[in-house]
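Colleague: Okay, predicted coordinates and the sequence, questions at the end:
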Amino acid sequence: MPNDKVIFDVTIIGGGPAGMYAAFYGGMRDLKIKLIEAKSELGGFMHMYPEKLIWDIGAVPPTRCETLIGHLEQQARTFDPTIVFNQRVQHFARLEDGTIELLSDTGEKHYSRTVILAIGRGITNIQKLDIEGADRYEISNLHYTVQQLDRFRGKHVLISGGGDSAVDWANELLPIAAQVYVVHRREQFAAHENQVANMMKEARVFVPYKVDKLHGSGETIHSVDIVHSDTGDSITLEIDAVVISHGFIRDYGEIGNWGLKMNHNIIAANETMATNIPGVFVAGDIASHGSKVKLIAGAFNDAVLALNSAKLYLEPTADSMAYVSSHNERFLERNKKFNLGS
């Protein structure tokens, strides 16, 4: 390898919560870190829900997603990792000396001793409403995400979908909308039980129903026909806005061709976050393992396990984990800024 090529200890692919926390924890482990993000900003899939409140991170009060992204990015930059934006890693090769060569879609090559895949759901493509002509309403009152809650204040809103996002949006809109309708093609919702129970108290819920027709003038929907999935019976609802939450299509690009073992379209890992490719680890939504926790808090734990595994892969005699921050020498100078150091 040419001498002018910079080799990193760990290259993290993906800048969502798992990738950002991995960058921070990699600094705690005194490793040379690079993070490569396909988009122009960190945060990953969390940018789909900037106004959603996140409740389930330990010791963190209910926090808007956009605020949490900012905190995570600040933390990720603590130890000054190299961060590369607007590059999508495509090809993987192992050189004769064991170094991993990564080629991005811009043609740039990156060199690393280990890799952590934290690509979340990959490049996500929204599952759009499969009704002819629906796209003409997208500039007005047909939405595929809720980014500004206040625009729905006092309105009659129909939400189509049965997953966590649909149910969460319904609960967030209930206090400000005049009426929230929820339409789901199945009897059961694929969302947290408590959130579903809260939604059922106030929303008008139609199951099993699906959106059948949109009625509007110009670029604005005025009413929606929903049909019963079994009987075909139809109901017309007068609405001011429609929110479609039918999920996303995952696209991992060329990473899907690396030879990684998959489990239901997610990368399989063992309890140490190691994949079937030596030196390649996973963290976050992309990771499938026996103790998977599908929360942001779980992504943090994956990141710690992946970094510890990368450290031991590089240095088998190293400590199995970093010293906690309260006793970690890497924080001594930083603590002084908060008048906490000695």
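Modeller: In hand now; what should we look at?
Colleague: For this structure, which residues score under the pLDDT cut-off?
Modeller: For the chain, the stretches flagged by pLDDT under 70 are 1-4, 123-124, 339-342.
Colleague: which stretches of the stretch 101-250 of the chain form strands?
Modeller: With strands called from DSSP state E, counting those that start in this stretch, the stretch 101-250 of the chain shows them at 109-117, 125-126, 142-143, 156-160, 179-183, 204-206, 209-217, 220-228, 234-238, 241-244, 248-249.
Colleague: Nearest to Ala274, out of those?
Modeller: Proximity to Ala274, assessed across the strands of the stretch 101-250 of the chain by C-beta to C-beta, is greatest for strand 109-117 (10.1 Å). C-beta coordinates here come from the backbone N, C-alpha and C atoms, glycine included.
Colleague: Could I get the strands of the stretch 101-250 of the chain in JSON lines, plus columns for mean neighbour count and distance to Arg334?
Modeller: What follows is the strands of the stretch 101-250 of the chain, written out as JSON lines (neighbours: other C-beta atoms under 10 Å; distance: least, C-beta to C-beta, whole Å):
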{"stretch": "strand 109-117", "mean neighbour count": "23", "distance to Arg334": "24"}
{"stretch": "strand 125-126", "mean neighbour count": "12", "distance to Arg334": "40"}
{"stretch": "strand 142-143", "mean neighbour count": "22", "distance to Arg334": "42"}
{"stretch": "strand 156-160", "mean neighbour count": "23", "distance to Arg334": "44"}
{"stretch": "strand 179-183", "mean neighbour count": "24", "distance to Arg334": "46"}
{"stretch": "strand 204-206", "mean neighbour count": "17", "distance to Arg334": "50"}
{"stretch": "strand 209-217", "mean neighbour count": "16", "distance to Arg334": "52"}
{"stretch": "strand 220-228", "mean neighbour count": "17", "distance to Arg334": "53"}
{"stretch": "strand 234-238", "mean neighbour count": "13", "distance to Arg334": "55"}
{"stretch": "strand 241-244", "mean neighbour count": "23", "distance to Arg334": "43"}
{"stretch": "strand 248-249", "mean neighbour count": "14", "distance to Arg334": "38"}
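Colleague: closest to Gln90 out of the ones you listed?
Modeller: When the strands of the stretch 101-250 of the chain are compared by C-beta to C-beta, strand 109-117 sits nearest Gln90, at 10.9 Å.
Colleague: just to revisit the earlier point, is it possible to export the strands of the stretch 101-250 of the chain to a markdown table including distance to Gln74?
Modeller: Below are the strands of the stretch 101-250 of the chain laid out as a markdown table (distance: least, C-beta to C-beta, whole Å):
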| stretch | distance to Gln74 |
| --- | --- |
| strand 109-117 | 20 |
| strand 125-126 | 29 |
| strand 142-143 | 30 |
| strand 156-160 | 33 |
| strand 179-183 | 35 |
| strand 204-206 | 40 |
| strand 209-217 | 41 |
| strand 220-228 | 41 |
| strand 234-238 | 44 |
| strand 241-244 | 31 |
| strand 248-249 | 28 |
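Colleague: Which strands or helices does the helix or strand hosting Gln74 pack on?
Modeller: When elements are assigned from DSSP states H and E, Gln74 belongs to helix 65-76. Applying 3 or more C-beta pairs under 8 Å, 6 or more residues apart in numbering; DSSP states H and E, we find helix 65-76 packed against helix 17-28, strand 53-54.
Colleague: Residues in contact with the last one: which ones?
Modeller: Spelled out, that is strand 53-54. Under the contact criterion C-beta atoms under 8 Å, 6 or more residues apart in numbering, strand 53-54 has outside partners 60, 62-65, 68, 172, 296.
Colleague: quick one: which of those residues is nearest Asn328?
Modeller: Of the contacts of strand 53-54, the one sitting nearest to Asn328 (C-beta to C-beta) turns out to be Val60, at 20.9 Å.
Colleague: what's the domain layout of the protein?
Modeller: Residue ranges for the structural domains of the chain, counted by automatic domain parsing, are given in the record as 7-124+250-336, 127-247.
Colleague: Go through those and pick out the most buried.
Modeller: Most buried of those, by mean neighbour count (mean count of other C-beta atoms under 10 Å): domain 7-124+250-336, with a mean of 18.
Colleague: That domain: end-to-end distance?
Modeller: Start-to-end span of domain 7-124+250-336 (C-alpha to C-alpha, to the nearest Å) is 32 Å.
Colleague: same question, stretch 72-91
Modeller: Between the opening and closing residues of stretch 72-91 there is a gap of 28 Å (C-alpha to C-alpha).
Colleague: Renumber starting at 54 from here on
Modeller: Taking 54 as the first residue, the last one we looked at is stretch 125-144.
Colleague: Relative to the whole chain's centre, how far out is that stretch?
Modeller: 15 Å (C-alpha atoms, centre = their mean, to the nearest Å).
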